[in-house]
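> no sequence for this one, just the structure:
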C-alpha cells in the first residue's frame, strides 16, 4: 500500500476521482504507525487537496490539518499544534460549514487552555457555547472545557454547572 500510494494521485486525477484520492491519502495517514508517518501522510493529503480542482477534494485540507493538530497535541508539541489548528480553522472557514468551524474553534481553545492561556480559552469557549446554542447544537465538549476553566479560576459553582450541562447533553436529558 505504501509504495502504491504515489501513483494514487495520477490514476485518480486521470479518472476524475480527486475526492476519493484525497480521502485515500487521508486514510493512509490514519493507519500510519508513527507520529512522523502520520504527519507526512497528512501533509501529502494537504498538498494533494490544494492542487485539486474539485472543491470537495480541496476540503480534505481541513481534515488533514485537524489530524496533524491532534497528533501534535498528543505529542505535547503545543505550539505546533496550536498553529496547525489555526490553519485547520481557516480551512474550515473557507469550506463554510458552521458545525466544523465550531469544532475547529474548540480545538484552538483547548490547546490555548493546555498552554496556560486560560483567559483567551475561556473567552473562546463562552463564545462557542453561545454560538452552539444559537445553532441549536449545544456541545458537551464545550461544557467540559468550561468546567475545567471555571474550576481553575476557583469558580466551583460555575464549574459544577458546566459539568452538569455536559452530562445532560450526553444523556439526552433536557434542562
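Received the coordinates, thanks. On a predicted model such as this, the values are computed, not experimentally measured, just so you know.
> Which positions within stretch 40-53 qualify as buried?
Using 16 or more other Cβ atoms under 10 Å as the burial criterion, the residues of stretch 40-53 that qualify are 41-42, 44-46, 48-49, 52. Where you see a C-beta, it was placed from the backbone N, CA and C, and this is true even at glycine.
> what sits up against it?
5, 9, 18, 21-22, 25-26, 28-29, 32, 57-61, 63-65, 67-68, 71 (Cβ atoms under 8 Å, 6 or more residues apart in numbering).
> go again using 7 Å as the cut-off
The contact list for stretch 40-53 (Cβ atoms under 7 Å, 6 or more residues apart in numbering) reads 9, 18, 21-22, 25-26, 28-29, 32, 57-58, 60-61, 64-65, 67-68.
> Residue 154: which of the buried residues of stretch 40-53 is nearest?
The shortest gap between residue 154 and any of these belongs to residue 42, at 39.2 Å (Cβ to Cβ).
> what separates the closest one from residue 111, distance-wise?
Noted for residue 42: a distance of 17 Å to residue 111, by Cβ to Cβ, to the nearest Å.
> Ok, residue 145 next?
11 Å.
> which stretches of this structure have low pLDDT?
For the chain, the stretches with pLDDT under 70 are 1-16, 173-175.
> Which residue ranges of it form strands?
Applying DSSP state E to the chain gives no strands.
> Quick test: name the residue nearest the centre of it.
residue 66 (4.0 Å; Cα atoms, centre = their mean).
> got a list of what that residue touches?
Taking Cβ under 7 Å, 6+ apart, we find residue 66 in contact with 88, 104, 107.
> Looking at neighbours, which among those is most surrounded?
The most crowded member of these, judged by other Cβ atoms under 10 Å, is residue 88 (26 neighbours).
> mind listing what that residue touches?
Residue 88 sits in contact with 62, 65-66, 69, 104, 107, where contact means Cβ under 7 Å, 6+ apart.
> out of everything not next to it in sequence, what's closest to it?
Distances taken as Cβ to Cβ, 6 or more residues apart in numbering put residue 65 closest to residue 88, at 3.7 Å, once the chain neighbours are dropped.
> what residues are up against that neighbour?
The neighbours of residue 65, taking Cβ under 7 Å, 6+ apart as the test, are 46, 84, 87-88, 91.
> okay, now residue 111: neighbour count?
For residue 111, the neighbour count with other Cβ under 10 Å is 23.
> just residue 54 next, same as before
Neighbourhood size, residue 54 [other Cβ under 10 Å]: 16.
> Roughly how far does the nearest residue to residue 128 once chain neighbours are set aside sit from residue 121?
Leaving out its chain neighbours, the residue that sits closest to residue 128 by Cβ to Cβ, 6+ apart is residue 142, at 4.9 Å. From residue 142 across to residue 121, the span is 11 Å (Cβ to Cβ).
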